[in-house]
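K.L.:
3D model of this:
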Amino acid sequence: LKANPETRDIPVIFMTALSDTEDKITGFEVGAVDYVTKPIKINEVLARVKVHIQLRQLTKTLKKQNSLLQEEIKQRIIAEAKLKEALQDLQVAQKEIIAQEKLAYLGTLTSGIAHELCNPLNFVQNFAQLSSELLDEFMEDLTLETNKIESEKFENFTEIFNELKHNADGIYQHSKRAERIIRMMVKHTRLDSSKLQFSNLNNILTESLQFAGHSLWEKQDFPIKIHTNYDESIGEIFVSSSDIIQAFMNMFDNSYCALKTKLEQQESSNQDFTPTLSVQTCNLGEKVEIRIYDNGIGINSKIRDKIFDPFLTTKPPGEGIGLGLSLTYEIIVGQHHGSIQVKTKLGEYSEFIIEIPATKNISEEN
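P.N.:
A predicted model of the protein is given here:
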């Protein structure tokens, strides 16, 4: 009975004339649960059988309850894991909503400020340019009268002229820079889905790299190694080409500055360094993924969570106003319903991982 899996749980009661303790021990060792010696008393046997049947039923009930309890624990663990995941997704969504609300408020604010600044700024530019032209005309007339003016006075006039000319040109250049800043700020308020169209993602990235090359590293004769690995199965996605190119350009500009800074550091310490920028795409089914990697100086952990905030910049004064990555975030997350993650190690690398919904989902949503 005990050797057969189907019968090994049946209780066995020995009925025997052997009543020594050693005989009873032997019976228990071979699998008996009880021991009845002869002469047999029926009432005693029935009582013992009844007890063992009850024990068997209780054991089965306990096993069943234990099995149910284990299943309940398993389901609770699964539910807790799902709840934890849902909470994490909720926290991410809350952060994105807060960021979008900040940018929306910024857009409203800057739109009003830009409108108020544009007119006086145009006057500053026009009068600075006009003053510069008048100074040129005055100098031409003054040069014709050189013979009538004492040499010392002429030198004084020339010195004053050069200073006024320098100041007028400086006013004009700085007003133009202020105009560019205002235009960049206003661009935050004008992002929408009205220009969405089917475009090839890989071609967009290629075009963005070409633009970045012409305006950044090629213009500065900067040695940079470009790696591209495009997933040809992606094809076309439904995006605003001009805005998405602007987003990628901003990220390439960020990589360029990180690579340039690191190259200057390595050259000053006589260390070999090859500035490298890698761009990779991958078809994730419902989404497309873009990875932009550079082996530049990386991002300080103190500002890592703030790099998409407006007006945050690590560039030297006059080289940036801190709206590039902020605008990129608004284009990718706000306009195209995507996401951006950042992996970085200070002094070694930065990698931006961008995900944008696939063509079908974006086109249906819009």
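
K.L.:
what's the neighbour count on residue 277?
P.N.:
Residue 277 is surrounded by 23 other residues when neighbours are defined as other C-beta atoms under 10 Å. C-betas here are computed from N, CA, C, even on glycine.

K.L.:
buried residues in the host helix or strand of it?
P.N.:
Here residue 277, judged by DSSP states H and E, is contained in strand 276-283. Within strand 276-283, the residues scored as buried using 16 or more other C-beta atoms under 10 Å are 276-282.

K.L.:
which one of those residues sits closest to residue 43?
P.N.:
residue 282 (80.4 Å; C-beta to C-beta).

K.L.:
skip the chain neighbours and tell me the closest residue to that closest one.
P.N.:
residue 289 (4.4 Å; C-beta to C-beta, 6 or more residues apart in numbering).

K.L.:
give me the domain ranges for this structure.
P.N.:
As given by automatic domain parsing, the domain ranges for the chain are 118-187, 195-365.

K.L.:
of all the ones you listed, which lies closest to residue 11?
P.N.:
Each of the domains of the chain was scored for nearness to residue 11 using C-beta to C-beta, and the closest is domain 195-365 (58.4 Å).

K.L.:
let me see the mean pLDDT of that closest one.
P.N.:
Model confidence over domain 195-365 averages 82 on the pLDDT scale.

K.L.:
go on, stretch 3-14?
P.N.:
Averaging pLDDT residue by residue across stretch 3-14 gives 73.

K.L.:
helices of the stretch 101-250 of the chain, start to end?
P.N.:
In the stretch 101-250 of the chain, the helices defined using DSSP state H, counting those that start in this stretch lie at 151-187, 201-215, 241-268.

K.L.:
now those in JSON lines, with distance to residue 75 and mean neighbour count?
P.N.:
Listed next are these as JSON lines, based on distance: least, C-beta to C-beta, whole Å; neighbours: other C-beta atoms under 10 Å:
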{"stretch": "helix 151-187", "distance to residue 75": "51", "mean neighbour count": "14"}
{"stretch": "helix 201-215", "distance to residue 75": "42", "mean neighbour count": "17"}
{"stretch": "helix 241-268", "distance to residue 75": "44", "mean neighbour count": "19"}
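
K.L.:
can I get the ones you listed in TSV with distance to residue 22?
P.N.:
Written out in TSV, the entries for the helices of the stretch 101-250 of the chain read as follows (distance: least, C-beta to C-beta, whole Å):
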stretch	distance to residue 22
helix 151-187	98
helix 201-215	86
helix 241-268	87
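
K.L.:
can you list phi and psi of residue 288 for me?
P.N.:
The phi/psi pair for residue 288 (degrees, to the nearest 10) reads phi -120, psi 140.

K.L.:
the residue in the chain sticking out farthest from the centre and residue 157, how far apart?
P.N.:
With C-alpha atoms, centre = their mean as the measure, the chain has its most outlying C-alpha, relative to the mean C-alpha position, at residue 39: 85.6 Å. Distance, residue 39 to residue 157, by C-beta to C-beta, to the nearest Å: 146 Å.

K.L.:
before we move on, what about residue 336?
P.N.:
Going from residue 336 to residue 157 by C-beta to C-beta gives 60 Å.

K.L.:
residue contacts, the residue nearest to residue 282?
P.N.:
Contacts for residue 289 were tallied using C-beta atoms under 8 Å, 6 or more residues apart in numbering; they are 281-283, 353-355.

K.L.:
where's the residue nearest to residue 229 when sequence neighbours are not counted relative to residue 231, distance?
P.N.:
Setting aside the residues directly before and after it, residue 229 is nearest to residue 280 in space (C-beta to C-beta, 6+ apart), at 4.4 Å. Applying C-beta to C-beta, the value for residue 280 to residue 231 is 8 Å.

K.L.:
in a helix, the residue farthest from the centre of the chain, correct?
P.N.:
No - per DSSP: H, G, I helix; E, B strand; the rest coil, residue 39 lies outside any helix segment and is coil.

K.L.:
could you find the closest non-adjacent residue to the most centrally placed residue in the chain?
P.N.:
What sits nearest the mean C-alpha location of the chain, by C-alpha atoms, centre = their mean, is residue 341, with 1.5 Å. Spatial nearest neighbour of residue 341, excluding adjacent residues (C-beta to C-beta, 6+ apart): residue 353 at 4.4 Å.

K.L.:
check residue 273 too.
P.N.:
Once its chain neighbours are removed from consideration, residue 273 has its nearest residue in residue 266; the separation is 3.8 Å (C-beta to C-beta, 6+ apart).

K.L.:
residues near residue 226, how many?
P.N.:
Considering only other C-beta under 10 Å, residue 226 is surrounded by 14 other residues.

K.L.:
the nearest residue to it once chain neighbours are set aside: what's it in contact with?
P.N.:
Here the nearest residue to residue 226 in space, its sequence neighbours aside, is residue 277; by C-beta to C-beta, 6+ apart that works out to 5.5 Å. Residues in contact with residue 277 (C-beta under 8 Å, 6+ apart) are 224-227, 252, 255-256, 259, 292-294.

K.L.:
and residue 277, what are its bridge partners?
P.N.:
Note on residue 277: beta-bridge partners by DSSP bridges are residue 226, residue 294.

K.L.:
how close does it get to residue 229?
P.N.:
Using C-beta to C-beta, residue 277 is found at 12 Å from residue 229.

K.L.:
once you drop chain neighbours, what's closest to residue 202?
P.N.:
residue 230 (4.2 Å).

K.L.:
hmm, the one you found is touching residue 280, no?
P.N.:
Yes - at 7.5 Å, residue 230 counts as touching residue 280 under the criterion of C-beta atoms under 8 Å.

K.L.:
state the distance from residue 56 to residue 5.
P.N.:
Distance from residue 56 to residue 5, counting by C-beta to C-beta: 16 Å.

K.L.:
so for the two, which residue has more residues nearby?
P.N.:
For residue 56 versus residue 5, neighbours defined as other C-beta under 10 Å are more numerous around residue 56 (14 against 7).

K.L.:
perfect, that will be all.
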